[in-house]
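# Structure of the sequence below:
(chains A and B)
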Amino acid sequence: MKEYFAGVDIGSTMTKVVIINETILASVVGPTGPEHRKLANRVMEEALNKLSLPFSDITYIVATGYGRVNVPFADKQITEISCHARGVANLIPTARTVIDIGGQDCKGIKLSNGKAVDFAMNDKCAAGTGRFLEVIAEALGVELEEMAELSLKAKKAAEISNTCTVFAELEVVSKLAEGVPLEELVAGLHEAIATRIYGMVSRLKIEKDVVVTGGGAKNIGLVKAMEAKIGYPVLKPEDPLLTGALGAALLGKDMVKQAIEKGVPVARSERQLREATFFS
Amino acid sequence: MKNMTEQRTPRRKATESASKIPAMVKGTLADTHRAKEEGKPIAYSFICCGYDEIIRAMDIIPVWTENYAGVCAAKRDASRFLEKAEAGNFSRSLCTYATCGLGFDLFREELGEMPPNSPWGGQVKPDVMLGSGQMLCDPRYKWYQAAQQYMPDVPVFVNNAFWPPYESDIDYREVIDHYVKYMTEELRGLVNFLEKHTGQKMDWDRLCELVDLTDRTWTLIWDTYELRKAVPTPMDTGDAMNTMVPIAFMMATQQCYDFFKDLYDELQYRIDNKMGVVPEEKYRFMWGGGLPSWFALSDFNYFWSKGAVFPVETTYRIVETMAALDIPEVSDPLEHIAWRFITNFTRWYDQARKRPGSHPDVERLIQYIEDYKIDGIVMHEAFSCRSWHPGLIWQLNTLKKIYKPIPVLRLGQDGKTKEHYREIPSLVLESDIVDISSYSEADTHQRIDAFIATVDAVKNR
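Residues are numbered from 1 along each chain as shown, chains lettered A, B, ... in the order given. Just a heads-up that it's a prediction; the model follows:
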């Protein structure tokens, strides 16, 4: 009988589910947003539906991410640092440094033998995260998805001195009024974010290969700006949003395997596929 | 701030002695109110300035202003005083002990009475204010001068207390005499100032007795804290953030000595009966520096819930065993105080000079890592404490460079495993000492979880 393992990564912006056995069988990404955050179970249901699998057929489920607490359908909670490390090491075994640019946080992870051995996280500030770009995109009246391509057209990057989201918003609007081309502003924003992230991750000693994950990795303009800061090309997984959920599924699989090898029972929760209560 | 007060979760403590501390602090504050009513002289005072025995010998009642700001923070009732200071044009980026205290003074002097519902009765108006110019902290020099705008009739004395800066190529003994002489004269100036402005006379015999009591108390505290090397540790930093009260605010009193005698006995009992801080001690961390978030001491309980304990800390471990200090026999009690104060800082200098690239503060970390079998270091970077916290990051970076005690196997680029030595994992928490608006419990717990996962990865190699 085939065994299935699932990883659920409930981030501040998106919820990601990956189901694996020997390989990735299904993955689903859905919004976490305020009205959706209780509905992480729906994302899990969608992944199960893709495989026509009943919930009870999943051997082990690990939850990770900011919203991992009180997920009623997970057997265990593991930090996203460990899960991202495991997921990236599986996809790109040469990775030594991971830079995860999420919706509302950003982190650097140092890997050794596929495990996280050091980390750095941004402080309680939106600068250096996807949220920063979202706010500015709205102020500039452009779609978030357009920003990457726009910035690549810039001849130079405008200087953005503020990385405080509120002040940066004012700064870009006033620069736009001064006639600074939109693409230069966007390139400047990417540079400002990259500078902030680079400063934070440099607390760790950045070593090759550097892998960028999270929603930020999908923004080619931001990735280019990061590469300019680091001084060499970075790698990114095929779907950079899924590394945390994949790592969670893999860690669950590892735990079950180890328990079987040791002849001890696997610690499971009385899981139920229902709404998450979140920090109740 | 009623709602924030209501949200406060009482923190569990490991030792009975630590549980007695809140009542002791409350009692000390009540003593200041009683002293005020009785017309005894009151002095605004700072900890770790070397003048404890002097004010005690002269029957001057200290009001520890840093302590009161900490009390407001722990009661989650500091915001109104911080806001008051901000309304008085003090920047939010100043030391929040200072802005809380200044805001309180402004509030009290405007009202002509204690602000309503002041935590534990409030901070009484002083007769004198005793600042301190030293390398430890810059607000100690300016805070009371700034407070004079609300209390222009209260005189300030700034007691300078410097020690030789560390130089890897200079033996501090070449210059220490000058520093001792300078500090001794500063202390003599303080005695003169207090006699002039309070009318109290120095009782020199009493001072000698208190100097001796303080010497014995320092050694007793050191011996007591050394018991925490035991595995499992009988007490951790969570409790030490309480037992710092007698060290910092009751030095040169019999009450302080007796407290540590009781704590020594309690820890010995706990060791004999294998009573740890947590049922299963999995990780031993060092609180490697930084003042704590007084409003979030329950984070230590969060560490406990993960099996993590702190057998040692550098914060508030501001005393040494007398045997470790190179103090000559002198007849002047003020000179003895100066020697003890200064050699407490130079105590790690020789050790640092033996290790290239090291520094006394880093040597202290290394010594504690080894003595207390430490798995990881946690520090707290309080945004408003400028004088200490930039140095913390520097200490961690220096430690990383010069000290890599953990052997691990690592996959090389050629695909072969090689032995590699890595540093002790570290976590830097970010918040403040008093300003709760800088704190996020979810974010802090997130970091703690991630840190424990990395320590696990290193330990299980």
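# who in chain B is up against chain A?
Applying C-beta under 8 Å from any C-beta of the partner chain, one finds that chain B approaches chain A through B:408-411, B:413, B:420, B:422, B:425, B:430, B:438, B:440, B:442-443, B:446-447, B:449-454, B:457-458, B:461. In this view, the C-beta of every residue, glycine as well, is placed from N, C-alpha and C.
# What about these, which are in helices?
Of these, the ones assigned to helices by DSSP state H are B:442, B:443, B:446, B:447, B:449, B:450, B:451, B:452, B:453, B:454, B:457, B:458.
# Counting neighbours, which of these comes out on top?
Counting neighbours by other C-beta atoms under 10 Å in any protein chain shown, residue B:451 comes out on top of these with 28 neighbours.
# Looking at strand pairing, list the partners for the nearest residue to residue A:109 once chain neighbours are set aside.
Leaving aside its sequence neighbours, residue A:109 sits nearest to residue A:98 (C-beta to C-beta, 6 or more residues apart in numbering or on different chains; 4.1 Å). The partner list for residue A:98 in beta bridges (DSSP bridges) reads residue A:109, residue A:211.
# Tell me who's in contact with the residue of the stretch 301-450 of chain B found nearest chain A.
When scored by C-beta to the nearest C-beta, the stretch 301-450 of chain B has residue B:450 as its residue closest to chain A, at 3.9 Å. Applying C-beta atoms under 8 Å, 6 or more residues apart in numbering or on different chains, we find residue B:450 in contact with A:79, A:80, A:81, A:82, A:107, A:116, A:119, A:121.
# and if we set it to 7 Å?
Contact partners of residue B:450, counting by C-beta atoms under 7 Å, 6 or more residues apart in numbering or on different chains, are A:79, A:81, A:119.
# From residue B:427, how far off is it?
Note on residue B:450: its distance to residue B:427, by C-beta to C-beta, to the nearest Å, is 8 Å.
# Could you tell me how far the residue nearest the centre of chain A is located from residue A:11?
Central residue of chain A (C-alpha atoms, centre = their mean): residue A:214, 3.1 Å from the mean position. Per C-beta to C-beta, residue A:214 is found 8 Å from residue A:11.
# got any residues that touch both of the two?
Residues touching both residue A:214 and residue A:11 (C-beta under 7 Å, 6+ apart) are residue A:102.
# before we move on, the earlier item: could I get the ones in helices among the residues of chain B next to chain A as a markdown table with pLDDT and distance to residue B:209?
A markdown table is the format used below for these (pLDDT from 0 to 100; distance: C-beta to C-beta, whole Å):
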| residue | pLDDT | distance to residue B:209 |
| --- | --- | --- |
| B:442 | 82 | 52 |
| B:443 | 84 | 50 |
| B:446 | 86 | 52 |
| B:447 | 90 | 48 |
| B:449 | 92 | 51 |
| B:450 | 90 | 52 |
| B:451 | 94 | 47 |
| B:452 | 94 | 48 |
| B:453 | 90 | 53 |
| B:454 | 89 | 51 |
| B:457 | 84 | 55 |
| B:458 | 83 | 51 |
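# what about the stretch 51-200 of chain A, any weak spots by pLDDT?
The model of the stretch 51-200 of chain A has pLDDT under 70 over residues A:70, A:123-128, A:162-166.
# now the helices for it?
When secondary structure is read from DSSP state H, counting those that start in this stretch, the stretch 51-200 of chain A shows helices at A:80-91, A:130-140, A:146-152, A:165-178, A:182-201.
# What of the stretch 151-300 of chain B?
Here the stretch 151-300 of chain B has its helices, by DSSP H, counting those that start in this stretch, at B:176-198, B:204-226, B:237-249, B:254-272, B:299-305.
# how about the fourth one: buried residues?
When you say that, I think you mean helix B:254-272. B:256, B:257, B:259, B:260, B:263, B:264, B:266, B:267, B:270, B:271 (16 or more other C-beta atoms under 10 Å in any protein chain shown).
# The chain: strands as residue ranges?
Just going to use chain A. A:4-10, A:14-20, A:24-31, A:58-64, A:76-77, A:97-101, A:106-112, A:115-121, A:210-213 (DSSP state E).
# meant chain B actually
Assigned strands in chain B, in chain order: B:42-45, B:61-64, B:128-133, B:156-160, B:283-289, B:308-313, B:376-382, B:406-411, B:417-422, B:426-431 (criterion: DSSP E).
# nearest to residue A:92, of those strands?
strand B:406-411 (13.3 Å; C-beta to C-beta).
# Residue A:66: what's its closest spatial neighbour, skipping adjacent residues?
Excluding its sequence neighbours, the residue lying closest to residue A:66 (C-beta to C-beta, 6+ apart) is residue A:12, at 5.1 Å.
# before we move on, what about residue A:207?
Spatial nearest neighbour of residue A:207, chain neighbours left out: residue A:96 (4.0 Å); criterion: C-beta to C-beta, 6+ apart.
# what's the answer for residue A:159, then?
With sequence-adjacent residues excluded and distances taken as C-beta to C-beta, 6+ apart, residue A:159 is closest to residue A:188, at 6.1 Å.
# Just confirm the one you found contacts residue A:161, I think it does.
No - assessed by C-beta atoms under 7 Å, residue A:188 is found out of contact with residue A:161, at 9.6 Å.
# the more surrounded of those two?
It is residue A:188, of residue A:188 and residue A:161, that has more neighbours when counted by other C-beta under 10 Å, with 24 against 10.
# Please report how far the more buried one lies from residue A:212.
Computed as C-beta to C-beta, the residue A:188 to residue A:212 distance reads 20 Å.
# Also residue B:64?
Taking C-beta to C-beta as the measure, residue B:64 falls 50 Å from residue A:212.
# for residue B:125, same thing?
In terms of C-beta to C-beta, residue B:125 sits 58 Å off from residue A:212.
# out of these two, which sits in the more crowded spot?
Neighbour count, other C-beta under 10 Å: between residue B:125 and residue A:212, residue A:212 has more, with 25 against 17.
# That one: what's it in contact with?
A:99, A:101, A:223, A:226, A:234, A:236, A:240.
# show me the contacts for the third one.
Residue A:223 makes contacts with A:212, A:217, A:234, A:236, as judged by C-beta under 7 Å, 6+ apart.
# Between which two of the residues you listed is the distance greatest?
For these, and using C-beta to C-beta, no pair is farther apart than A:217 and A:234, which are 8.6 Å apart.
# More neighbours: which of these two?
Neighbours per residue, other C-beta under 10 Å: of residue A:217 and residue A:234, the larger number sits with residue A:217, 23 against 20.
# distance of that one from chain B?
Here the criterion is C-beta to the nearest C-beta, to the nearest Å. By it, residue A:217 lies 20 Å from chain B.
# If you rank the contacts of residue B:450 by neighbours, which is first?
residue A:81 (31 neighbours).
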